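here are the coordinates; sequence isn't available:
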């Protein structure tokens, strides 16, 4: 996965192509005990501007922030981000610890009419949503939002990279 994300060659036969990985959401830790929602392009910028000496390649930086809990300094996000950072909801964190991931996923998801898995938004309060999505992300699940239908589909990350 990291190899595909870190690939910066967006052209084929001289034609620039859209990289589908640019639209995936990523969650990274920041130094004030918060989590920050981000995209590949923002992480690329943060790496090149602030962490290129510490991490020689974008690939090693991605691996550190996505897989090894490397903490980004919040001050590096001030001018470039479009997203708010958030503190994890302690009630949801505790529930996750007690239930374990499989039961947590069962509780906060439902099967749609089309046999896809979606978040059960009816039981998730606004101040819980980001924590639920983050915990899914940490367990290699991503959210794909269908704004037209108002559904957040849950998808195993490995399925996206096939």
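Looks like it arrived, so ask away. It should be emphasised that the depicted structure is a prediction, and the values quoted were computed from it without experimental measurement.

Surely residue 31 is in contact with residue 76?
No. At 9.3 Å, residue 31 does not count as touching residue 76 under the criterion of Cβ atoms under 8 Å. In this view, the C-beta of every residue, glycine as well, is placed from N, C-alpha and C.

show me where pLDDT drops low in this structure?
1-23, 79-82, 161-162 (pLDDT under 70).

at 90 instead, please
Counting by pLDDT under 90, the chain contains low-confidence ranges at 1-26, 32, 38-46, 48, 58, 66-69, 74-85, 113-114, 143-151, 157-162.

how's it carved up into domains?
The chain resolves into domains spanning 2-77, 88-160 when parsed by automatic domain parsing.

I'd like those domains as JSON lines, with mean neighbour count appended.
Below are these laid out as JSON lines (neighbours: other Cβ atoms under 10 Å):
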{"stretch": "domain 2-77", "mean neighbour count": "15"}
{"stretch": "domain 88-160", "mean neighbour count": "15"}
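
Is it correct that residue 151 is in contact with residue 113?
No. Contact criterion Cβ under 8 Å: residue 151 and residue 113 do not qualify, at 10.3 Å.

residues in contact with residue 83?
Counting by Cβ atoms under 8 Å, 6 or more residues apart in numbering, residue 83 touches 36-38.

Going toward the C-terminus from the helix or strand hosting residue 103, what's the next helix or strand?
Under the criterion of DSSP states H and E, residue 103 resides in helix 90-108. With elements assigned by DSSP H and E, the helix or strand that comes after helix 90-108 is strand 109-111.

Would you mind listing the outside residues contacting that next one?
117-120, 154.

Let's have the contacts of residue 83 in a markdown table, adding distance to residue 90 and secondary structure.
Shown next, in a markdown table, are these (distance: Cβ to Cβ, whole Å; DSSP: H, G, I helix; E, B strand; the rest coil):
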| residue | distance to residue 90 | secondary structure |
| --- | --- | --- |
| 36 | 18 | strand |
| 37 | 19 | strand |
| 38 | 23 | strand |
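
Closest to residue 133 out of those residues?
Closest to residue 133 out of the contacts of residue 83 is residue 37 (8.3 Å), distances taken as Cβ to Cβ.

Identify the bridge partners of the closest one.
Beta bridges link residue 37 to residue 27, judged by DSSP bridges.

Surely it is in contact with residue 130?
Yes. Using Cβ under 8 Å, residue 37 is in contact with residue 130, at 7.3 Å.

that older thread, so what does the helix holding residue 103 touch, helix or strand wise?
helix 126-138 (3 or more Cβ pairs under 8 Å, 6 or more residues apart in numbering; DSSP states H and E).
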